[in-house]
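*Asks:* Got a sequence here, can you build the structure:
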Amino acid sequence: MPQQINPSIVRVALVDDDTGFQKAVAEALKLASDMALVSVSGTLAAGLKLLKAPPVDILIVDLGLPDGSGIKLVQQAYQQWPTCNIMVSTTFADESNVMKSLEAGATGYLLKDSSQQNLISELRSLHSGGSPISPLIARKILMRFRPAQAFTKAPVKADESCVTLSAREQEVLELITKGFTSNEIAALIAVSHHTVLTFIRRIYAKLKVNSKTEAIYEARIQGLLDK
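*Replies:* From the prediction side, this is the model:
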């Protein structure tokens, strides 16, 4: 049975099929006395059904739902719950999904690499009128609107590193180098196994490699790891 929620409490609904992320969000919000997780759904259909109920204050949506794109839910929520702040929280960092989400009505876009405390801070910012966006996403948006001349190629030094990893990617890379498995890494940094695999795919893509051995070798060449 649903419990009575203090009207001053920020009500949060989550639509995400990643059970590990569901648990992480629930645990994070338990630490926030001013917020409450009032609904958890794992499919697009369940999310759309949720919109028939009174609006929540914050709706967190994943894009990769098993029965369709979360962008459809963002669009419908924007129309049916105009007072609700919509946060996309996903592993998709490509420009197409970012721009489609923002155009559909999302007011925040975070990649699934935030700590519990950071997630709470970002949700508070969203509720108070901010638009929290992961740094990688913010850079993509800025690059989209830069004038063409800003992309003029500059000379690149032969020994200059061309790869930049996020703090979480660097942490995962270092744990991989120490021999930890993806499941062990998930437990160590308190994220889901799925999220760790996403970090690994990003690392491989940035380093242009296809295996752990190649990643470690290339990362050392690039100066991302101690020799």
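
*Asks:* tell me the contacts of the closest residue to residue 131 other than its chain neighbours?
*Replies:* Among residues not flanking residue 131 along the chain, residue 107 sits closest, at 5.2 Å (CB to CB, 6 or more residues apart in numbering). Placement of C-beta: from N, CA and C, glycine included. Shown in contact with residue 107 (CB atoms under 8 Å, 6 or more residues apart in numbering): 85, 86, 87, 126, 131.

*Asks:* Show the low-confidence segments of this protein, by residue range.
*Replies:* Within the chain, the ranges that satisfy pLDDT under 70 run 1-7, 140, 142-162, 227.

*Asks:* now the helices for it?
*Replies:* Along the chain, counting by DSSP state H, helices occupy 19-30, 44-50, 70-80, 95-104, 116-127, 135-145, 167-177, 182-189, 193-207, 212-221.

*Asks:* now the ones you listed in a markdown table, with distance to residue 58?
*Replies:* Below are these laid out as a markdown table (distance: least, CB to CB, whole Å):
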| stretch | distance to residue 58 |
| --- | --- |
| helix 19-30 | 10 |
| helix 44-50 | 13 |
| helix 70-80 | 11 |
| helix 95-104 | 15 |
| helix 116-127 | 6 |
| helix 135-145 | 18 |
| helix 167-177 | 23 |
| helix 182-189 | 24 |
| helix 193-207 | 21 |
| helix 212-221 | 36 |
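
*Asks:* Of all those helices, which one comes closest to residue 59?
*Replies:* Of all the helices of the chain, it is helix 70-80 that lies closest to residue 59, at 5.4 Å by CB to CB.

*Asks:* Measure how the closest one sits relative to helix 95-104, angle-wise.
*Replies:* 10 degrees (axes from the mean of the first three to the mean of the last three CA atoms, to 10 degrees).

*Asks:* ok, and what's touching helix 70-80?
*Replies:* Contacts to helix 70-80, defined as CB under 8 Å, 6+ apart, come from residues 15, 44, 47-48, 51, 55, 59, 61-65, 84, 86, 88, 90, 97, 100-101, 104-106.

*Asks:* If we go by neighbour counts, what in it is buried?
*Replies:* Across helix 70-80, burial judged by 16 or more other CB atoms under 10 Å covers 70, 71, 72, 73, 74, 75, 76, 77, 78.

*Asks:* Please report how far residue 182 lies from residue 167.
*Replies:* 18 Å (CB to CB, to the nearest Å).

*Asks:* brain fart, residue 223
*Replies:* The value you get for residue 223 to residue 167, if CB to CB is used, is 16 Å.

*Asks:* So between the two, which is more surrounded?
*Replies:* Between residue 223 and residue 167, counting by other CB atoms under 10 Å, residue 223 is the more crowded of the two (12 against 9).

*Asks:* what about that one, distance to residue 29?
*Replies:* To residue 29, residue 223 is 39 Å away according to CB to CB.

*Asks:* Next: residue 211.
*Replies:* 38 Å.

*Asks:* neighbour count winner among those two?
*Replies:* Between residue 211 and residue 29, residue 29 has the larger neighbour count (other CB under 10 Å), namely 21 against 9.
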